[in-house]
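Colleague: Coordinates only, no sequence provided:
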C-alpha cells in the first residue's frame, strides 16, 4: 500500500473509522481476557499498540476513541476488582490515568506523523507532475500526448476514476483508470489564461462526493501552470506563423525585384535594337547583323529567365520528372559551350573529359539547364577574360562533372547557403538567385548530388555527380523540390 492509498484509508467515511476504533482495542480484549490472562503491564502495552493501529488506519478521531476504550477495558477486565469500573487502590487509579494520557498522546502523535508523511509524499508527487508538465511542454512533444500524461498523473495522485482535459488547440485527453460503468460524481476545474477560459479539467471522483479544499488548490495550481504553458505555445505558434508570412513576403519581394530586373533588361535591349533597325538609315550589313545578334542574345537571356521561373513552378508541383536516356556527357558539354559562346565572349573555356566514361542516364534538356546555370554563374562572379574549366571523370560507378573558375571562390561557411533560393552573392548585381538552387534540384531529381569546393588554382568549383546505373533511383522530384519550393 503506497502513501496515497494510505491517505485514502485514513480519510474513509465516519462509519469505517468508528469500526476501526472499536475493532483495535476489542481484539486485544478478546485475546487477553481469559482466566489465565497475561500480566496487566503486558496487556497495557498491547492496548497502546491497538491505539497506534487505530490512529494509523482511522486517523486522530479513531485513535482518541480507541484510547478511551482501551482505558475502560483495562479498568473493567484487568484491574482489581475485576468486571467493575471501581478501582481498588490509588496506585491502580494513577496507573490507569497515566495509561489514558500516554495512549492518547501516542495516538495523536502517530496520526499527526502519518498525515504529515502523506502530505509530504503527495506534495512530492504533485511537484513531479508539475515538473513533468513543464518538461514535456518545452520538449516539443505533441500537445495531446502531454495532456494525456497529465490526466493520468491527476488520476493517480487524487484517486480519480476518470479525468478529461480539453483545450482550445483543439486537443482533448481522456484517461479512464477503472472503466467503471458509474465513474461517480463529476467536478470541473477551469483552465483560464488572461481571464479567458481556454479549457477545462473534468474529473470523475468515484465514491467521493467532492474534492477537499487542499486538493482543489493543487489542481487549480496545475490548471494555472497548464494555462500559462498552453498560452505560451499558442503565442509561439502565432509568432512562427507571422515569421513564415514575413519570410514569404520577403521571398516574393526578392523574386519580384530579381524578375523585374532580369526581364526588363533584355526587353530594353531588344526594344533598342528593334527601334534602331526600324528608324535607322544607312546601316551597313555588319551593323544590321549586330543588331539582330543583340536581339537574339537578349531574347535567349529572357528565355532563360522564363525557364527558371517555370522550373521553380514545376519543382514545387512535383512535375519536373526527368526523362532519362543514356547519353554521352562530352557531347552535352560541347553543345552547351557552343550555345553559350556569345555570352562567353573572349574567355578561354577548357574542357577535360576522362577516358572510357560511360553514357549517363539523364534528361539532356534538364542537364543542359544545369550546365548553363553553372557556366552563367561562373561568368557572373569572375573577372572578364578569366578562364573557365569544364571537366568530367568517372568515379565508382558514377560520373563527376565540375565547372571551375578563377574568381573569388565561396567561403566555407557559405557553401551550403549558396544553393538556397534567392541567395545572391556579393557583386552579383540584380537577379533572381534561382540558378544554383534549380541546378541542384535537377541533379537531385536525377538521383545525384551537387556541392561546391575550392578550385585547385583558386576560385570556385561546382561539382555534380550522376550514377551510371539506369536502375539507380534517387529521391524523386518531391525531395528535389524542397529546396526551391519555399
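Modeller: In hand now; what should we look at? The shown structure was predicted, so the numbers you read here are calculated from the model rather than taken from an experiment.
Colleague: In a strand, residue 399, correct?
Modeller: Yes: checked against DSSP: H, G, I helix; E, B strand; the rest coil, residue 399 lies within a strand.
Colleague: What is the burial count for it?
Modeller: Residues within reach of residue 399, counting by other Cβ atoms under 10 Å, total 22. All C-beta atoms are positioned from the backbone trio N, CA, C, and that covers glycine.
Colleague: now do residue 301
Modeller: 19.
Colleague: Work out for me the element it sits within.
Modeller: Residue 301 is part of helix 285-317 when elements are defined by DSSP states H and E.
Colleague: Next secondary structure after that helix?
Modeller: Proceeding N to C from helix 285-317, the next assigned helix or strand is strand 325-327, under DSSP H and E.
Colleague: Can you list the helices and strands that that next one packs against?
Modeller: The contact analysis (3 or more Cβ pairs under 8 Å, 6 or more residues apart in numbering; DSSP states H and E) places strand 325-327 against strand 360-362.
Colleague: any idea how far the strand it packs on is from the chain center?
Modeller: Offset of strand 360-362 from its chain centre (Cα atoms, centre = their mean, to the nearest Å): 40 Å.
Colleague: What of stretch 349-369?
Modeller: For stretch 349-369, the distance to the chain centre is 43 Å (Cα atoms, centre = their mean).
Colleague: ditto for stretch 39-59
Modeller: 57 Å.
Colleague: Ok, stretch 58-76 next?
Modeller: That offset, for stretch 58-76, works out to 59 Å (Cα atoms, centre = their mean).
Colleague: coming back round to it: buried set for the helix holding residue 301?
Modeller: 291, 294-295, 297-298, 301-302, 304-305, 308-309, 311-312, 314-315 (16 or more other Cβ atoms under 10 Å).
Colleague: quick check: mean pLDDT across it?
Modeller: For helix 285-317, the mean pLDDT works out to 77.
Colleague: list the helices and strands the strand or helix carrying residue 107 packs on?
Modeller: If you go by DSSP H and E, residue 107 is part of helix 90-138. The contact analysis (3+ Cβ pairs under 8 Å, 6+ apart) places helix 90-138 against helix 3-10, helix 40-58, helix 60-78, helix 143-158, helix 213-279.
Colleague: Validate this expectation: residue 83 resides in a strand.
Modeller: No: using three-state DSSP, the secondary structure at residue 83 is coil, not a strand.
Colleague: what residues are up against it?
Modeller: 76-77 (Cβ atoms under 8 Å, 6 or more residues apart in numbering).
Colleague: Now with 10 Å, please.
Modeller: 33, 76-77 (Cβ atoms under 10 Å, 6 or more residues apart in numbering).
Colleague: Out of the buried residues of helix 285-317, which is nearest to residue 44?
Modeller: Ranked by distance to residue 44 (Cβ to Cβ), the buried residues of helix 285-317 are led by residue 315 at 92.4 Å.
Colleague: Now do the helix holding residue 107 against helix 213-279, angle only.
Modeller: Per axes from the mean of the first three to the mean of the last three Cα atoms, to 10 degrees, the angle that helix 90-138 makes with helix 213-279 is 10 degrees.
Colleague: Let me know the angle separating helix 90-138 from helix 40-58.
Modeller: Using the same axes, to 10 degrees: helix 90-138 against helix 40-58 is 30 degrees.
Colleague: could you give the angle of helix 90-138 to helix 143-158?
Modeller: Going by the same axes, to 10 degrees, helix 90-138 makes 180 degrees with helix 143-158.
Colleague: other SSEs contacting the helix holding residue 301?
Modeller: helix 213-279, helix 341-344, helix 364-381, helix 435-445, helix 477-480 (3 or more Cβ pairs under 10 Å, 6 or more residues apart in numbering; DSSP states H and E).
Colleague: repeat that for 7 Å
Modeller: Secondary-structure packing of helix 285-317 (3 or more Cβ pairs under 7 Å, 6 or more residues apart in numbering; DSSP states H and E): helix 213-279, helix 435-445.
Colleague: May I see the contacts of residue 83 organised as JSON lines, with distance to residue 153, neighbour count and pLDDT added?
Modeller: Listed next are the contacts of residue 83 as JSON lines, based on distance: Cβ to Cβ, whole Å; neighbours: other Cβ atoms under 10 Å; pLDDT from 0 to 100:
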{"residue": "33", "distance to residue 153": "49", "neighbour count": "15", "pLDDT": "71"}
{"residue": "76", "distance to residue 153": "51", "neighbour count": "15", "pLDDT": "79"}
{"residue": "77", "distance to residue 153": "50", "neighbour count": "17", "pLDDT": "79"}
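Colleague: Kindly indicate which of these lies nearest residue 395.
Modeller: residue 33 (100.8 Å).
Colleague: for that closest one, what are its contacts?
Modeller: With contacts defined as Cβ atoms under 7 Å, 6 or more residues apart in numbering, residue 33 is in contact with residue 77.
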